[in-house]
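Asker: Compute the structure for the input listed below.
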Amino acid sequence: MIEKTKKLKSSRQRDLLLKILRNTKTHPVADWLFEEARTQMPNISRGTIYRNLGILHDEGKIKELSIRKGVLRYDGDMRKHYHISCLDCGRIDDVPHQINMLDESQIEEISEYQIYSHHLTFFGICKDCQQNTLVNSA
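Answerer: Just a heads-up that it's a prediction; the model follows:
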């Protein structure tokens, strides 16, 4: 992890990745980000993508989501929010922001833990997979 006092100068590659992530709601994997970045920067390498994703995460500019084992996804929305994941296709969506977030201070009081953060993921079947199941069962 990068020390908080050490500030890296920005790079075109890192700026591009951050822009892509902030403009997508799909919670992409690194390979998708690589392909997307190559449309604007054809010579970018996979290694550069992975290295810069790590830096952006360490700097607190993006979130890493490990909802399914062995699959790391990225989120450019740094507001506190929950996720919902499809058990069939693996799709991950944001739960709408109007949902009340858990009150960490109440949980601290009840549990006697000092809470630093939390995440919550709901699991279900997305609308597309539900429709595919209906079509295939007909």
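
Asker: Show me where the chain dips below the pLDDT cut-off.
Answerer: By pLDDT under 70, the low-scoring segments of the chain are 1-9, 135, 137-138.

Asker: Could you rerun that using 50?
Answerer: Of all residues in the chain, those with pLDDT under 50 make up the ranges 1-5.

Asker: ok, which stretches of it are strands?
Answerer: Here the chain has its strands, by DSSP state E, at 63-68, 71-75, 83-86, 92-94, 121-124.

Asker: out of the ones you listed, nearest to Ile20?
Answerer: Nearest to Ile20, of all the strands of the chain, is strand 71-75, at 9.4 Å by Cβ to Cβ. C-beta here means a position set from N, CA and C on the backbone, and glycine is covered the same way.

Asker: Identify all contacting residues around that closest one.
Answerer: Applying Cβ atoms under 8 Å, 6 or more residues apart in numbering, the external contacts of strand 71-75 come out as 21, 27-30, 33, 53, 57, 62-67, 83, 90, 92.

Asker: quick one: buried residues of that strand?
Answerer: Arg73, Tyr74, Asp75 (16 or more other Cβ atoms under 10 Å).

Asker: Could you do stretch 23-43 as well?
Answerer: For stretch 23-43, by 16+ other Cβ under 10 Å, it's Thr24, His27, Pro28, Trp32, Leu33, Phe34, Glu36, Ala37.

Asker: now, the most widely separated pair of those residues?
Answerer: His27 and Ala37 (16.3 Å).

Asker: Can you give me every residue that contacts the closest residue to Gly60 other than its chain neighbours?
Answerer: With Cβ to Cβ, 6 or more residues apart in numbering as the criterion, Gly60 has its nearest non-adjacent residue at 7.5 Å, and that residue is Met78. Met78 sits next to Gly60, Lys61, Ile62, Lys63 when contact means Cβ under 8 Å, 6+ apart.

Asker: which residues does the last one bridge with?
Answerer: Right, the one you point to is Lys63. Asp75 (DSSP bridges).
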